[in-house]
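1. Following is a predicted model, sequence given first.
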Amino acid sequence: MSVALQAFDLKYGYRAEPVVDGFDLTVAAGEWLGIVGPNGSGKSTVLRMLARLVAPHRGAVMMDGQNLAGMNTKDIAKRMTMLAQTQESSLDITVRELVRRGRNPHLKWYEECRGQHEEVVNWALRVTGMELLQHRSLLELSGGERQRAWLAMCMAQSPKTLLLDEPTTYLDIAHQLELMELIRRLNREQGITVIMVLHDLNQAARYCDRIVAVKEGAVVREGKPSEVFQIEFFREVFGIEAKVHDDDGVPVYLPCGVVKQPSRVGNVS
Ligand SMILES: Nc1ncnc2c1ncn2[C@@H]1O[C@H](COP(=O)(O)OP(=O)(O)OP(=O)(O)O)[C@@H](O)[C@H]1O
């Protein structure tokens, strides 16, 4: 197995208390990994450490066997990119200009985005379905279109690894599926390694090769969707009762209610 990214014993905290502690992860090249877990469990913090947007207080992230801490930013950006949950929404530049920025890590300081670089820009616009909107300002796009424009910029970086933080949050269901299918194509056809934080567990089950569940800043379950998404998992990790069906090998869950806790304060009525 060729390893794309590895994290060892990561720790990070915003205040005195750590929100991630003892987090380990190995991601194979070409794999689609889903990171799931309750609100505040540390998923985004982990992703930000994997992308070196923040430095771990302990532990290390290795990419292709090299410690991210010692790599220069341009070298990281040539190989890895991250699509955040929300994007800067006041940028008044065209889609094409934004996508061109994705080529910056590959350009020398004196070089302009021309020739083969423009071809990559055209490709990124094409695969993300943004060709027709390329001359529009980002201000004139819907939320879904804007998300695709930023994904096009990420693709223009020609990354080997793509990190995404809940990329479907603001999209309607058709646009969610469109984005997931697009990422599937990039994963299968271009061999791009995908690491995605997801709240929709049914989508995680359908698209991801492997799931890592995080609770209180550490990995609590790991495996194929059918191994992880079982009734006990929903109880222990999310505190809900759920029914789980099998749809051609893909687990589909139906939430039925929160797990009943013994009441300490008595009835409200
Ligand atoms: N900038 C910050 N300053 C202080 N605390 C923060 C900051 N960002 C996150 N936290 C806290 O760190 C913890 C983990 O946050 P994180 O965003 O990593 O969780 P998450 O699992 O991605 O949550 P969600 O599912 O709600 O997006 C939370 O308790 C959160 O309140």
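-> Great, that's in hand.

2. residues near Ala84, how many?
-> 17 (other C-beta atoms under 10 Å). Every residue, glycine included, has its C-beta placed from N, CA and C.

3. go on, Thr86?
-> Neighbours around Thr86, by other C-beta under 10 Å: 13.

4. same question, Ala60
-> Ala60 has 16 nearby residues by other C-beta under 10 Å.

5. what packs against the helix or strand containing it?
-> Element membership of Ala60 [criterion: DSSP states H and E] is strand 58-63. The elements that strand 58-63 packs onto, with contact taken as 3 or more C-beta pairs under 8 Å, 6 or more residues apart in numbering; DSSP states H and E, are strand 3-12.

6. Now do the helix or strand following the strand it packs on, average pLDDT.
-> Remark: after strand 3-12, the chain's next helix or strand is strand 20-28, criterion DSSP H and E. Average pLDDT, strand 20-28: 96.

7. how much space is there between Leu107 and the ligand?
-> 32 Å (C-beta to the nearest ligand atom, to the nearest Å).

8. can you point me to the longest helix in the protein?
-> Counting residues, the longest helix found in the chain (DSSP state H) is helix 173-190.

9. Same question for it: list its buried residues.
-> His175, Gln176, Glu178, Leu179, Met180, Leu182, Ile183, Leu186, Asn187 (16 or more other C-beta atoms under 10 Å).

10. pLDDT score for the third one?
-> Glu178 is assigned 86 on the pLDDT scale.

11. OK, contacts around it?
-> With contact set as C-beta atoms under 8 Å, 6 or more residues apart in numbering, Glu178 has these partners: Gly129.

12. what do you get if the cut-off is 10 Å, keeping everything else the same?
-> Applying C-beta atoms under 10 Å, 6 or more residues apart in numbering, we find Glu178 in contact with Thr128, Gly129, Gly144, Arg148, Thr168, Leu171, Asp172.

13. Drop anything exposed from those residues.
-> Burial by neighbour count, 16+ other C-beta under 10 Å: within these this picks out Thr128, Gly144, Arg148, Thr168, Leu171.

14. ok, the fourth one to the ligand distance?
-> The one in question is Thr168. Thr168 is 13 Å from the ligand, by C-beta to the nearest ligand atom.

15. give the contact list for that residue.
-> 85, 144, 147, 175-180, 183, 196, 198-200, 203.

16. try the third one
-> Contact analysis of Arg148 by C-beta under 10 Å, 6+ apart lists 95, 125, 128-130, 133, 141-142, 167, 171, 175, 178-179, 182.

17. Same check on Leu139?
-> Contacts for Leu139 (C-beta under 10 Å, 6+ apart) come out as Ser89, Ser90, Leu91, Asp92, Ile93, Arg146.

18. what do you get if the cut-off is 7 Å, keeping everything else the same?
-> By C-beta atoms under 7 Å, 6 or more residues apart in numbering, the contact set of Leu139 is Asp92.

19. Distance of it relative to the ligand?
-> Following C-beta to the nearest ligand atom, the distance that separates Leu139 from the ligand is 26 Å.

20. Residues of the stretch 1-150 of the chain that sit close to the ligand?
-> Counting by C-beta under 6 Å from any ligand atom, the stretch 1-150 of the chain comes close to the ligand at Tyr14, Val19, Gly37, Asn39, Gly40, Ser41, Gly42, Lys43, Ser44, Thr45.

21. Good, wrapping up.
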